[in-house]
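> the following comprises the amino acid sequence and a computationally predicted model.
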Amino acid sequence: MRSMLFTQAIDDALAQAMADNPRIILFGEDIPLLRRNLLVRFGPGRVRGTPISESAFLGAGVAAAMAGLRPVVEMYMVDFLGVCADALLNHASKIEAFSGGKWTAPVVVRVPCGGGYGDGGQHEQSLWGWLAHIPGLTVLVPSTPADGGGLMLAALQHDGPVIFLEHKLLSETWLEFLGSGARSTVQYDVPADGAKGPVPQNWEPVPIGKAFLRRAGGDVTIVSVGVGVHRALEAAQALETEGISVGVLDLRTVSPLDNAAVREVVALTGRLLVVDEDYEGFGLSGELSAVVLEAGISCKYARVCTQTTIPYARQLEDQTLPSKLRICAGVRQLMQ
Amino acid sequence: MPPDLWTLYALMLKSRLFEEAVAKLWHDGLISGEMHLGTGEEAIIAGVVANLREGDAMALDHRGTAALLMRGVDPVLVARELLGYPDGLCGGMGGHMHLFSKEYLAASSGIVGAEGPAAAGFALAAQYLRPGSVAIAFFGDGAMNQGMLMESMNLASVWNLPVFFVCKDDGWAITTKSVEVTGGGLNERAQGLGVATVEVDGRDVSAVWEAAHIAIERARSGQGPTFLHAHCVHFEGHLLGFPMVRIADHPLREMPGIAIPLTLSILRPGGAPLRDRLAGLRTVVASVLSTMRDPRRDSANDPVARVRATLESVPVRLHELEDQSQKEIDHVFASALMEVPS
């Protein structure tokens, strides 16, 4: 079994897919530098840089996908999708419906997301709920190197637009570029199992829309995604000493949700805690309560999410993003 | 009547010393995340800001510290904001990319090109509420490929808005050479949208001041927007800890981490024919070499040193000013670092 870092695994799976499928091309801001290892293997024709013109190059990626290419479009951060939301909101997501199911736009949009390193509220958002709100978009949020690579492969085989969110706290390259700048004087609370882990010798796709039970537990079910999964696992470990048995379900895909898996685990415990780094209102956490209620499952429910604009100050930021402390408090509340 | 060079030098020096202190705090780990300094563009900021008066507005990019300091915002408040303290300029909520001063009508954004619409809006408000006032947009050459900035120039043109679009052109869009991702000329673009243009050496504070003076007076008197194309360098690259500057500074330390995966990748079976792989390699090598030969590394491009050279004929006054400036900045950071909230 090989072991890889988070972004290294995603790049490795992407390289495997590019070697198999010459229609996969890669472009985005600073890509010749950021994906230089792919550039020297696949050449400047397939790995190219763009101007800081998100509307143009993302929109072009959508149409290039419609016309037969398999573009992977990268952007510095999910926050910057705000600049070019139209390409996703009104185009990529609508093509299949508008064409009566006869045409699709299989573009993969790979964007870093998430906080925990002091970059402030315009550069640390998660936004997967905001994206998943739009019918027609597939939204993936891996939490381990193995899922990172496997989901990237699945995204490249999917017949429709996919948003692939790469959490910066797990990514060795993004965290160095944007967080530490190679300093040894700053430390971040990086989940070890998310930043590095075993990966298969040959990449196989991880199925889209399939959650994974990271930890079984009989008292409370935590459902989460991305870094939240690791925070939940830390909390579950700590709560074990209090005699509380906590299970953790990693959604891996935000849209389409694995409704069956959520219902199955929540029906067993009767207590659901959602841990979501994305905003609390009108998002994933509320959606999960609907998934459970619509199935007629009665359960106690609580959520630990980001409620406000993410503060720049590290101390305030740690209080705002879901933490082990807040998760433990949420579990205890459900146990009362 | 232009301000004398001493006044402009004092503004630039204040900003430079402040940002050098910020860089130290960042290296010491007291500031987290990204840090984009304005070191290298002080002549542009000073030449423009020295023309502003009460009621004028500024739309700032992700390196707005220099403009705020020169405009008169309390440096202790800025320093405490960068340190993330609750009594910083923005309560520790914004950080260096999101600095706001309602008092001075100054708003920053970390979104490239967002200064265009913001300045247009500030100028629109000025037309109604503060006639004779102007709005400045500070941005880099990378932003010139952002649609919203081009749209804002057109809007300013057709609405005859009092906007001064200031492009601080260092030739780079983050790690990409602007020339590789920019079609046509920047001045021609602005002209094509009906905006007057002027090009200056952005290392020359007097030249910037004069160009800015004419443009801003034009805007004040209702003659519409101007685009200033000012050339400069950023000594630290895009941000502190910038990978390309790190390579140039410490090639032996940095290169193995880059060269080893690169070599493994180029040798892996599957992928492009050798010719394309070599073309890819050439791109990477050219990028590294261009960093080594980067004008950012030439101190002759330092706008602060350039203006200083012209003032050296009066050494006593120069040293007095520099000592005083250093004392003030030392005092600012001593105050900023005092009473660290628990």
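Good, I have the coordinates.
> show me the contacts for A:Asn202.
With contact set as Cβ atoms under 8 Å, 6 or more residues apart in numbering or on different chains, A:Asn202 has these partners: A:Gln16. No exception for glycine: its C-beta is placed from N, CA and C like everyone else's.
> need phi/psi at it.
The phi and psi torsions at A:Asn202 (degrees, to the nearest 10) take the values phi -120, psi 130.
> ditto for A:Ala15
Recorded main-chain torsions at A:Ala15 are phi -60, psi -40, according to degrees, to the nearest 10.
> model confidence for it, exactly?
Note on A:Ala15: pLDDT of 98.
> the one 5 residues further on too?
Looking at A:Asp20, its pLDDT reads 97.
> helix/strand/coil for the closest residue to it other than its chain neighbours?
In space, and not counting its chain neighbours, A:Asp20 is closest to B:Gly270: 7.6 Å by Cβ to Cβ, 6 or more residues apart in numbering or on different chains. B:Gly270 carries the three-state label coil when classified by DSSP: H, G, I helix; E, B strand; the rest coil.
> and B:Val166, that's in a strand?
Yes. Per three-state DSSP, B:Val166 lies within a strand segment.
> which residues touch A:Ser323?
A:Ser323 makes contact with A:Arg231 under the criterion Cβ under 8 Å, 6+ apart.
> burial measure for the residue of chain A found nearest chain B, as a count.
Minimum separation of chain A from chain B (Cβ to the nearest Cβ) falls at A:Gly181, amounting to 2.0 Å. Look at A:Gly181: counted by other Cβ atoms under 10 Å in any protein chain shown, it has 22 neighbours.
> can you name the residue of chain B nearest chain A?
Chain A sits closest to B:Gly241 of chain B, with a gap of 2.0 Å, by Cβ to the nearest Cβ.
> find the nearest non-adjacent residue to that residue, please.
Nearest residue to B:Gly241 in three dimensions, chain neighbours excluded: A:Gly181, at 2.0 Å (Cβ to Cβ, 6+ apart).
> give me the phi and psi for the one you found.
Dihedral pair for A:Gly181: phi 60, psi 30, per degrees, to the nearest 10.
> you'd agree it is up against B:Leu240?
Yes. Proximity of A:Gly181 to B:Leu240 meets the contact threshold set by Cβ atoms under 8 Å, at 5.5 Å.
> shared neighbours, those two?
B:Trp26, B:Glu34, B:Met35.
> check whether the lowest-mean-pLDDT helix or strand in chain B comes near chain A.
Taking mean pLDDT, DSSP states H and E as the measure, helix B:243-249 is the helix or strand of chain B with the lowest mean score, a mean of 83. Yes. Helix B:243-249 is in contact with chain A by Cβ under 8 Å from any Cβ of the partner chain, via B:Pro243, B:Met244, B:Arg246.
> need those in TSV (columns: neighbour count).
Shown next, in TSV, are those (neighbours: other Cβ atoms under 10 Å in any protein chain shown):
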residue	neighbour count
B:Pro243	21
B:Met244	21
B:Arg246	16
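> quick one: secondary structure of A:Gly197?
Following three-state DSSP, the label given to A:Gly197 is strand.
> and the gap between the closest residue to it other than its chain neighbours and A:Ala13?
Once flanking residues are discounted, A:Gly197 sits nearest to A:Pro145: 4.6 Å by Cβ to Cβ, 6+ apart. A:Pro145 sits at a distance of 10 Å from A:Ala13 (criterion: Cβ to Cβ, to the nearest Å).
> just B:Val288 next, same as before
Using Cβ to Cβ, B:Val288 is found at 27 Å from A:Ala13.
> and the strands in the stretch 151-300 of chain B?
Applying DSSP state E, counting those that start in this stretch to the stretch 151-300 of chain B gives strands spanning B:163-169, B:172-173, B:176-177, B:196-201, B:226-231.
> let me see the ranges of the strands in the stretch 101-250 of chain A.
Counting by DSSP E, counting those that start in this stretch, the stretch 101-250 of chain A has strands at residues A:108-113, A:138-140, A:162-167, A:196-199, A:212-215, A:220-224, A:246-250.
> and those, which is most packed in?
Mean neighbours per residue, mean count of other Cβ atoms under 10 Å in any protein chain shown, is largest over the strands of the stretch 101-250 of chain A for strand A:220-224, with a mean of 30.
> for the nearest residue to A:Pro205 once chain neighbours are set aside, what are its contacts?
If the residues on either side of it in the chain are set aside, A:Pro205 comes closest to A:Ala154, at 3.8 Å by Cβ to Cβ, 6+ apart. Each residue near A:Ala154 by Cβ under 8 Å, 6+ apart is listed here: A:Leu140, A:Pro205, A:Val206, A:Pro207, A:Ile208.
> most neighbours among those, which one?
Neighbour counts for the contacts of A:Ala154 (other Cβ under 10 Å) peak at A:Leu140, which has 28 neighbours.
> ok, A:Gly228 to A:Asn259 distance?
19 Å.
> what do you get for B:Leu186?
52 Å.
> out of the shared contacts of A:Gly181 and B:Leu240, who's nearest B:Ile174?
Nearest to B:Ile174, judged by Cβ to Cβ, of the shared contacts of A:Gly181 and B:Leu240 is B:Glu34 at 11.3 Å.
> I'd say the closest one and A:His123 touch.
Yes. Shown here, B:Glu34 and A:His123 form a contact pair, counting by Cβ under 8 Å, at 7.4 Å.
> quick one: which of the two has more around it?
More neighbours surround A:His123 than the other of B:Glu34 and A:His123, with 27 against 24 (other Cβ under 10 Å).
> mind saving the C-alpha coords of the helix or strand that contains A:Leu325 as CSV?
Using DSSP states H and E, A:Leu325 sits within helix A:324-335. This file holds the C-alpha atoms of helix A:324-335, laid out as CSV (Å, rounded to 0.1, in the frame of the first residue of the first chain):
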residue,chain,number,x,y,z
LYS,A,324,-13.9,19.5,18.8
LEU,A,325,-15.0,21.5,21.8
ARG,A,326,-18.3,22.6,20.2
ILE,A,327,-18.9,19.1,18.8
CYS,A,328,-18.5,17.6,22.2
ALA,A,329,-20.9,20.1,23.6
GLY,A,330,-23.4,19.3,20.8
VAL,A,331,-23.2,15.6,21.5
ARG,A,332,-23.7,16.1,25.2
GLN,A,333,-26.7,18.3,24.5
LEU,A,334,-28.3,15.5,22.5
MET,A,335,-27.6,13.0,25.3
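> what residues are up against A:Gly82?
A:Gly82 neighbours (Cβ under 8 Å, 6+ apart): B:Ile111.
> rerun at 10 Å
If you count contacts by Cβ atoms under 10 Å, 6 or more residues apart in numbering or on different chains, A:Gly82 has them with A:Glu54, A:Gln122, A:Gln125, A:Leu127, A:Trp130, B:Ile111, B:Ala114.
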